[in-house]
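1. based on what follows, work out the 3D shape:
(chains A and B)
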Number of protein chains: 2
Amino acid sequence: MSSEISYQPIGYIQTPFMTISDMPIQPSGANCAEGIIELNPDLVPGLLDLEGFSHLILIYHFHLIKEHKLSVIPFMDDQPHGIFATRAPSRPNAIGISIVELRKIENNFIHISGVDMVNGTPLLDIKPFFTKYDNRTDAKAGWLEEKSHINIAKIKSDNRFE
Amino acid sequence: MSSEISYQPIGYIQTPFMTISDMPIQPSGANCAEGIIELNPDLVPGLLDLEGFSHLILIYHFHLIKEHKLSVIPFMDDQPHGIFATRAPSRPNAIGISIVELRKIENNFIHISGVDMVNGTPLLDIKPFFTKYDNRTDAKAGWLEEKSHINIAKIKSDNRFE
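-> Residues are numbered from 1 along each chain as shown, chains lettered A, B, ... in the order given. Here you go, the predicted model:
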C-alpha cells in the first residue's frame, strides 16, 4: 500500500520575485512586498467571510526545489542545522508556510502583502490567522534565538537551495 | 500536464484521540494532551538542533476526511462560513497545522504536548516556531473575533466532518 498523499494546487501566487535568488527570506523580511493569489474560480465560495481577517496563513509548495537535504546552512547562520530545525525550503516534503496580510478580495483574486515566495508558487491551502490559536509569545527558539538581532529585512536569499 | 503534488509522510503522530469525535478542536483546547511523533528513522539527521526550540509547527494530513466542502458550520459557530475562513478539516486539500510544545527527542521519537489530531495522523513537515516570524499579535480575526470569549477547552469535536 502506497502511503503517498496527493494534492492539487488551489491556485497560484503572483509575486514580484521571479527567481529564488534575491528574495526576502521571510514575510517579515519582505518589506510589505505585494502579491496576488489567483484562486481556482471553482473555489470562490470557500472565501465567504475571509475578508474579516487581517492575516492569512498560506501553505504552499516550494515547486523549484529539486531534492531534499537533511542538513542545511540556513540564511540566518553559517553553521549547519538539521532541516527540521530550520525553515529552509529543501525539506523532505517541500512545503512552505507564510503569514501574509490580506488587502482585499476581488472574485477569485486575493490581494496580499508581505509575500516571500517566488512568482508562480502553487498554493495548497489558505487558513485564517487567529491570535488565540496561533501566537506563542513565550516560545524559545534555539539557535535562532542568538540570531534575533539580525535584521532579516537586510538578508536576501541566494541560489543555495536551487 | 498534471499539476498534482505528491508527498510521503515523514512519520505518524500518536495521540490519545482514537476517533474524530470528542477531540480537542485546537492545541489550545487540548489541555496539554501528550503525543509522540514516530519519525521515519532515515530522517533523524534532520532533527539536529531542534531540541533548542520550545514549540513546533506540525503540518499534517487529515487522513480521515473523505470529501471537501466549500461552506461549513465550524465548531465555534452556528453559522456557515467559507472553508478558507475556518480551520475545519474538510478542505480542498486536507492539510492541518498545529503548534505543539516540544518535550524531548529520543532517536526517532519526538515527545510533544498540546496535540489536537487523531491518532495515526500522517505527518508532512516539522518547522521550528520562531516568535519573530510567527507571532502577529495585532491580527484581526473576523467572525472568530466575536467568539473569542468561548472557552475552546470546553468544546470537543463531533462527527460533522467524518
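
2. what about the residue nearest to residue A:80 when sequence neighbours are not counted, how many residues close to it?
-> Counting by CB to CB, 6 or more residues apart in numbering or on different chains, residue A:71 is the residue found nearest to residue A:80 once chain neighbours are left out, at 4.7 Å. Where you see a C-beta, it was placed from the backbone N, CA and C, and this is true even at glycine. Other residues lying near residue A:71 total 15 when counted by other CB atoms under 10 Å in any protein chain shown.

3. hmm, residue B:49 and residue A:71 touching each other?
-> No - with contact defined as CB atoms under 8 Å, residue A:71 does not reach residue B:49; the gap is 9.8 Å.

4. kindly list the longest strand within chain A.
-> If you go by DSSP state E, chain A has its longest strand at strand A:95-106.

5. how about that strand, does it reach chain B?
-> Yes - using CB under 8 Å from any CB of the partner chain, strand A:95-106 reaches chain B at A:95, A:97, A:99.

6. filter those residues down to the buried ones and hand me the PyMOL line.
-> Listed next is the PyMOL selection for buried residues among the residues of strand A:95-106 next to chain B, using 16 or more other CB atoms under 10 Å in any protein chain shown:
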select buried, chain A and resi 95+97+99
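
7. got the residues of strand A:95-106 next to chain B as TSV, with pLDDT and distance to residue B:16 columns?
-> Output for the residues of strand A:95-106 next to chain B, formatted as TSV (pLDDT from 0 to 100; distance: CB to CB, whole Å):
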residue	pLDDT	distance to residue B:16
A:95	98	26
A:97	96	26
A:99	93	30
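
8. format the residues of strand A:95-106 next to chain B as JSON lines; extra columns: distance to residue B:34.
-> Listed next are the residues of strand A:95-106 next to chain B as JSON lines, based on distance: CB to CB, whole Å:
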{"residue": "A:95", "distance to residue B:34": "25"}
{"residue": "A:97", "distance to residue B:34": "24"}
{"residue": "A:99", "distance to residue B:34": "27"}
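
9. for the residues of strand A:95-106 next to chain B, which one is nearest chain B?
-> Nearest to chain B among the residues of strand A:95-106 next to chain B is residue A:95, at 4.9 Å by CB to the nearest CB.

10. wait, the closest one sits on residue A:62?
-> Yes - in this structure, residue A:95 is within contact of residue A:62 by CB under 8 Å, at 7.2 Å.

11. next, find the distance separating residue A:119 from chain B.
-> Using CB to the nearest CB, to the nearest Å, we find residue A:119 at a distance of 16 Å from chain B.

12. could you double-check that that residue lies in contact with residue A:20?
-> No - with contact defined as CB under 8 Å, residue A:119 does not reach residue A:20; the gap is 10.6 Å.

13. who has more neighbours out of these two?
-> When neighbours are counted by other CB under 10 Å, residue A:119 and residue A:20 differ, and residue A:20 comes out ahead with 18 against 15.
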